[in-house]
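Enquirer: Below is the sequence, then the predicted model.
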Amino acid sequence: MPLFDRLKSDCSADWDAYVRHAFVEQVGAGTLPEAAFRTYLVQDYLFLIQFARAYALAVFKGRTLSEMRSAHAGVKAILDVEMDLHVAFCGGWNLSEAEMEATSEARATTAYTRFVIDAGLRGDLLDLHVALSPCVIGYAEIARRLASETRALDADNPYRAWVAEYAGDAYGEVAAAAVDKLDVLGAELVTEARYPRLKALFAQACRLEADFWQMGLDGA
Ligand SMILES: Cc1ncc(CO)c(N)n1
């Protein structure tokens, strides 16, 4: 079985708790309190700053020019595309980029980002990609489901721009590339002795994603 499918199926309880978290369902229904979304989005801006550093580690750990270039594209997608969404939302609340950047990190933000960076520093490219994968692949899955099964894209849903961004083709391609990369690295590098460690990394990243949603809910 390809590595991503295997990890998702072996960690299905943690995966489902992440992608079906109450925060996500309330975004889809448009019922999430604005204070919860705002807490989440400011923290996610801080998250992306650190996440770009984690992706930069994939440039450093790349074994070929091609791996370095695709990791570089990931860094650019975060710094030049994804963060614009956060800036646009926060502009609507009269919150400047400087104010967002000056906000202190919630513990859930520090915990998740430094966990991923540590996995990459200590391990190889595969460990790093496993720790990164619930993020990119999970958001695409969440947004596509919300777009097709809920009223998430209705004109009166305040979170429709967020759902549209992550359900869009550009983000979908980034997520599909992340699945492919994991499957290719998996075929090359996974041994049965190594697999339990990868599974533990994946499960922990899913739990830290769920904590991140919860941090947003608790902010309301
Ligand atoms: C916490 C978190 N996970 C995943 C993504 C998707 O990039 C994000 N922006 N934030």
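Expert: Noted; the coordinates are in hand.

Enquirer: Every contact and neighbour count from this point should use C-alpha atoms.
Expert: Will do.

Enquirer: pretty sure Ala52 contacts Val75?
Expert: Yes: with contacts counted by Cα atoms under 8 Å, Ala52 reaches Val75, the gap being 5.3 Å.

Enquirer: Which elements pack onto whichever helix or strand Phe60 is part of?
Expert: Element membership of Phe60, judged by DSSP states H and E, is helix 34-61. Where contact means 3 or more Cα pairs under 8 Å, 6 or more residues apart in numbering; DSSP states H and E, helix 34-61 is packed against helix 65-76, helix 83-92, helix 97-102, helix 107-122, helix 125-149, helix 195-218.

Enquirer: looking at those helices, which is closest to Lys181?
Expert: The closest of those to Lys181 is helix 125-149. By Cα to Cα, the value is 8.0 Å.

Enquirer: Give me the mean pLDDT for that closest one.
Expert: For helix 125-149, mean pLDDT is 97.

Enquirer: The helix or strand of the chain with the lowest mean pLDDT vs helix 34-61, what angle?
Expert: For the chain, using mean pLDDT, DSSP states H and E, the weakest element among its helices and strands is helix 83-92, scoring a mean of 90. Relative orientation of helix 83-92 versus helix 34-61 (axes from the mean of the first three to the mean of the last three Cα atoms, to 10 degrees): 150 degrees.

Enquirer: And helix 83-92, what's buried?
Expert: 83, 85-87, 89-90 (16 or more other Cα atoms under 10 Å).

Enquirer: Stretch 196-203 too?
Expert: Going by neighbour count (16+ other Cα under 10 Å), the buried part of stretch 196-203 is 198-199, 201-203.

Enquirer: quick one: the helix holding Phe60 near the ligand?
Expert: Yes: using Cα under 6 Å from any ligand atom, helix 34-61 reaches the ligand at Asp44.

Enquirer: Point me to the residue of the protein nearest the ligand.
Expert: Sorted by distance to the ligand under Cα to the nearest ligand atom, the residues of the chain start with Cys135, at 3.7 Å.

Enquirer: Could you count how many residues lie near that residue?
Expert: Look at Cys135: counted by other Cα atoms under 10 Å, it has 17 neighbours.

Enquirer: quick one: contacts for it?
Expert: 205, 209 (Cα atoms under 8 Å, 6 or more residues apart in numbering).
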